[in-house]
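Engineer: I would like the atomic coordinates for the input below:
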Amino acid sequence: MLIGWNSMYQQLRDAIDRIEDLPIEEQNKLCLLLMAQIEEYEAPTESKGRAVLGKAAKAIATGTLATADFAIKMFLRTRANERTIQPTRRGAYPAGTQRLLYARQDGHCIICGKRKMMKNLQVDHIVPVVRGGRDAFENYQLLCAPCNQRKGIQTNKEFYDRYKGLVSRNMLKAIPEAPGYEISQKELKAETQRTRPQASVQQFRQTKYISASTKIHGGSLATGAASGVGWFFAWPIAFPNAGDFIGYIALFGGALVFVSVFGGLIWRAKHTGLYDQ
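Structural biologist: Numbering: from 1, shown residues only. As a prediction, the model looks like this:
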């Protein structure tokens, strides 16, 4: 760039020397011609510089936002199963419980109606303990593993209300009974995809699991603190002989980095809708 301007300057000096003896009209024409050439020389250079700066700024902004989005999704993913209500910890069922239930149900799963070996049926609570049910024999039933997982924290009544197009009303009896027919897991899966849990189940899940906003706040706080501390220690290491002035830069810079990272992640989460999901 400097070489180009030196060349242009020298050409201009030479032209001025040549036109000093020309008539005024000719001098004006040549001056206008030279100014046009200078503007033609400047325009592409200025335009190119702006384009390069624009692309660089856009790349930096895009990269920053992509990094923030990735960090927010990691906050949510790594704490996906974190609960406010801890799972109920129960000891072993009384001896013979599973055998008695197996005999009562004739070896059938209460939900899908399939007959299984006793080892392939699991003891389940009709009303889950976490929902206020008793850990007692009258609140027990046997389900196969896929049905037990599908039922989850739902009561028998809530499960029936959702899957009543498939399951039998026998599961609503005081002593639940298996249906007189079999239901495939494929049919149950299709019904799961077609329907939604009861409102009571959804409300309980919202209180059971930590909200997205809480997860994002915690992750943003940790990331901001780590970034600020990293800044604080990096400056004295990079400039060991700079004196106390570097300490002030490290301290105030670290605080600024912390606030920027923490606030930026919260803003981005709210902007993308992840904060309230």
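Engineer: from here on, contacts and neighbour counts on C-alpha atoms
Structural biologist: Fine.
Engineer: any idea which element the most centrally placed residue in the chain lies in?
Structural biologist: Centroid check for the chain by CA atoms, centre = their mean gives residue 73 as the closest residue, at 2.0 Å. Using DSSP states H and E, residue 73 sits within helix 24-78.
Engineer: skip ahead from that helix and say which helix or strand is next.
Structural biologist: helix 97-104.
Engineer: which other residues reach the following helix or strand past that next one?
Structural biologist: Next in sequence after helix 97-104, counting helices and strands by DSSP H and E, comes strand 121-125. By CA atoms under 8 Å, 6 or more residues apart in numbering, the residues outside strand 121-125 that reach it are 98, 109, 133, 135, 139, 140, 141, 142, 143, 144, 145, 148.
Engineer: before we move on, what about stretch 246-261?
Structural biologist: Here stretch 246-261 has contacts from 220, 223-236, 239, using CA under 8 Å, 6+ apart.
Engineer: among these, which are in helices?
Structural biologist: 220, 223-236 (DSSP state H).
Engineer: mind putting the contacts of strand 121-125 into CSV with distance to residue 183, pLDDT and secondary structure?
Structural biologist: Rendered in CSV, the data for the contacts of strand 121-125 read as follows (distance: CA to CA, whole Å; pLDDT from 0 to 100; DSSP: H, G, I helix; E, B strand; the rest coil):
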residue, distance to residue 183, pLDDT, secondary structure
98, 23, 94, helix
109, 10, 96, coil
133, 27, 91, coil
135, 28, 91, coil
139, 23, 95, helix
140, 21, 96, strand
141, 18, 96, strand
142, 16, 96, strand
143, 13, 96, strand
144, 12, 96, strand
145, 14, 94, helix
148, 14, 94, helix
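Engineer: just the buried ones among those, please.
Structural biologist: 98, 109, 135, 139, 140, 141, 142, 143, 144, 148 (16 or more other CA atoms under 10 Å).
Engineer: coming back round to it: which of the contacts of stretch 246-261 sit farthest apart?
Structural biologist: 220 and 239 (28.9 Å; CA to CA).
Engineer: among the two, which residue is more densely surrounded?
Structural biologist: residue 220 (25 against 11; other CA atoms under 10 Å).
Engineer: test my guess that the more buried one contacts residue 262.
Structural biologist: Yes: contact criterion CA atoms under 8 Å: residue 220 and residue 262 qualify, at 5.0 Å.
Engineer: pick the one among the contacts of strand 121-125 closest to residue 165.
Structural biologist: residue 109 (17.5 Å).
Engineer: ok, that closest one touching residue 178?
Structural biologist: Yes: between residue 109 and residue 178 there is a contact under CA under 8 Å: 6.2 Å.
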